[in-house]
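Visitor: sequence and predicted structure are below.
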Amino acid sequence: MVEFILNDRLEQCEEPTGTTLLDYIRYHKSLVGTKIGCREGDCGACMVLVGELRNGRMHYESMTSCLTPVGNVLGKHVVTIEGLNVKGLTPVQQAIVDEGGTQCGFCTVGFAVSLHGYCLSKKPATYENAIAAIDGNICRCTGYKSLERAAARIAKLLVERDEDQPISWLVEQGFLPEYFKGITRWVEHIHEVRMHEQFLPMEDTILVGGGTDLYVQRPEEMTKDFVEHIVQIYGENTITRKDNTIYMGRTTTAEDLQSSPEMQALFPNLRAHIKLVSSTPIRNMGTIAGNFVNASPIGDLTAFFLALDSSILLKKDDKERTIKLKDFYRGYKQIDKARGEVIETIFFEVPPPGSHFNFEKVCKRKYLDIATVNTGISIQVKEGQILGAHVSIGGTGPIPTYLHKTSAFLAGKPISVETMEAANEILQSEITPISDVRGSAAYKRLLARQLFYAHFHTLFPELF
Ligand SMILES: Cc1cc2nc3c(=O)[nH]c(=O)nc-3n(C[C@H](O)[C@H](O)[C@H](O)COP(=O)(O)OP(=O)(O)OC[C@H]3O[C@@H](n4cnc5c(N)ncnc54)[C@H](O)[C@@H]3O)c2cc1C
Ligand code: FES
Ligand code: FES
């Protein structure tokens, strides 16, 4: 049984734990405000908020319920549009109406839920943050300008928001219904009573992280087979620094990465880099470990962490082993992982002084698209000499690739345009792109060169 709070009621769900939240709330609870659009995480019509206890306080994130298994919300608070109802319209709904942000209305619920999620977050009240909150929602009718104006209005209203007590403030201002004030105590109670319960793994278990790959690729299997949920308890997603190593847990998501003070301190452009990965709700759900195990040749987080020469700790029963991420990939979708082995920890050494990091990605559109080619670089430079480098690339071969020869070539060379051009010759010998729907082999070679050069233009503009 999965116990959680759905709006203002306690739920004890007896359905298979792999059932999608979307099906549960529409077909079992008749909460039909949540719409079914693509069922692939793309359109945002099925958006809900999921709140969990973090350090004694509720922390809410928007998620696409079509890809979220019920088992992932054990002990959490799930909010649908019905759970946001107050007397009259909330200021968010009013802003959408006033700015003409709704026409046929199919997408409107999803936009309203995402924007309420933004109000509940601690993200500063800026136009950019309000717009980012709806980057996982699609509207076929309005042309978006009216929705952007609505988002801008909401950001202005939130300037007064009490950062320490956002829920009390939002209730008092009519953004949220009264029952939100009592949710923390209720969730704490479920934790005291139930969170020690685990779904017992069985033979042939399917491990699910955020579900953002599995529920797109194998949706039918997920409800029939036994599913083991590894995204359950807060605390396993934290990012910590011990001495010179950064550690991430098995449930760390792309959003955890983006909002981590430790990571932001090390990588000044982190937000811009991670913004290139999927959308806000998918980043709230999708884990780094899931990205590695999916083994897509264009996994963005994989390319990112390959360029940091990261390692992973794998565990099954009492046995543990550590391998480099660059040794994890054996062939197309083939990885060095036994059945039942779980990635417990991902870690990398803090880049030494004088290091610079960059990530580049080209897709058919700038955001919310998978890469045609992506690449990362970590490069250490002292007094004009390259002391060491790690370069990764995706989309130009059957696996996400650590460029061994290119990385080794760069070490010991002067930092110059000539070095960059010579390194590209080696890079071109290390990749084997094929023509497919995302572009011809020749185009991908060209992209590989341009993105490799882009690393140098971004990190060392003085060379040009
Ligand atoms: C709309 C949309 C947009 C997307 N955009 C991007 C994008 O721009 N870039 C990108 O790279 N990806 C993108 N993705 C893909 C996906 O979001 C990522 O790959 C994500 O990181 C997968 O993580 P997950 O936790 O959801 O994986 P899941 O679907 O839960 O699992 C994927 C695989 O990993 C295994 N697994 C999960 N966790 C562990 C673990 N700890 N140990 C062992 N095995 C594990 C599962 O068994 C499964 O085989 C997108 C997906 C969607 C739906
Ligand atoms: S139905 Fe489209 S994102 Fe869920
Ligand atoms: S109002 Fe029709 S899809 Fe957005």
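Guide: Looks like it arrived, so ask away. Ligands and ions are numbered 1, 2, ... in the order given.
Visitor: and the gap between Glu349 and ligand 3?
Guide: Between Glu349 and ligand 3 the distance, using CB to the nearest ligand atom, to the nearest Å, works out to 47 Å. Just so you know, the C-beta spots here come from the backbone N, C-alpha and C atoms, and that holds for glycine as well.
Visitor: my bad, Leu314
Guide: In this structure, Leu314 and ligand 3 are separated by 44 Å, where distance is defined by CB to the nearest ligand atom.
Visitor: same check, this time on Phe111
Guide: Separation of Phe111 from ligand 3 (CB to the nearest ligand atom) stands at 8 Å.
Visitor: report the secondary structure element holding that residue.
Guide: Taking DSSP states H and E as the definition, one finds Phe111 inside helix 108-120.
Visitor: average pLDDT for that helix?
Guide: Here helix 108-120 scores 98 as its mean pLDDT.
Visitor: just checking, which helix or strand succeeds that helix along the chain?
Guide: Following the chain from helix 108-120 toward its C-terminal end, the next helix or strand by DSSP H and E is helix 127-132.
Visitor: tell me which other helices or strands the host helix or strand of Gln428 touches.
Guide: In this assignment (DSSP H and E), Gln428 forms part of helix 417-430. Contact partners of helix 417-430 among helices and strands, from 3 or more CB pairs under 8 Å, 6 or more residues apart in numbering; DSSP states H and E: strand 385-394, helix 404-410, helix 441-459.
Visitor: and that helix, C-alpha only, in CSV?
Guide: These are the backbone C-alpha positions of helix 417-430, laid out as CSV (Å, rounded to 0.1, in the frame of the first residue of the first chain):
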residue,chain,number,x,y,z
VAL,A,417,44.3,28.3,-31.3
GLU,A,418,46.9,26.0,-32.8
THR,A,419,46.5,23.5,-30.0
MET,A,420,42.7,23.7,-30.3
GLU,A,421,42.9,23.0,-34.0
ALA,A,422,45.4,20.2,-33.6
ALA,A,423,43.2,18.6,-30.9
ASN,A,424,40.2,18.8,-33.1
GLU,A,425,42.0,16.6,-35.7
ILE,A,426,42.5,14.0,-33.0
LEU,A,427,38.9,14.4,-31.8
GLN,A,428,37.7,13.8,-35.4
SER,A,429,39.6,10.5,-35.4
GLU,A,430,37.9,9.4,-32.2
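Visitor: can you give me the angle it makes with strand 385-394?
Guide: Taking axes from the mean of the first three to the mean of the last three CA atoms, to 10 degrees, one finds that helix 417-430 is oriented at 30 degrees with respect to strand 385-394.
Visitor: okay, now the unreliable bits of the stretch 151-300 of the chain?
Guide: Low-confidence segments of the stretch 151-300 of the chain (pLDDT under 70): 193-204, 225, 231-236.
Visitor: closest point of the stretch 201-350 of the chain to ligand 2, which residue?
Guide: Of all residues in the stretch 201-350 of the chain, Pro281 sits closest to ligand 2, at 7.8 Å by CB to the nearest ligand atom.
Visitor: surely Val97 touches Leu89?
Guide: Yes. With contact defined as CB atoms under 8 Å, Val97 counts as touching Leu89 (6.7 Å).
Visitor: sorry, back to before: does the helix or strand encompassing the residue of the stretch 201-350 of the chain closest to ligand 2 reach ligand 1?
Guide: With elements taken from DSSP H and E, the one containing Pro281 is helix 280-285. Yes. Where contact is defined by CB under 6 Å from any ligand atom, part of helix 280-285 touches ligand 1, namely 282, 285.
Visitor: distance between that helix and the chain's centre?
Guide: The gap between the average C-alpha position of helix 280-285 and the chain average comes to 4 Å, counting by CA atoms, centre = their mean, to the nearest Å.
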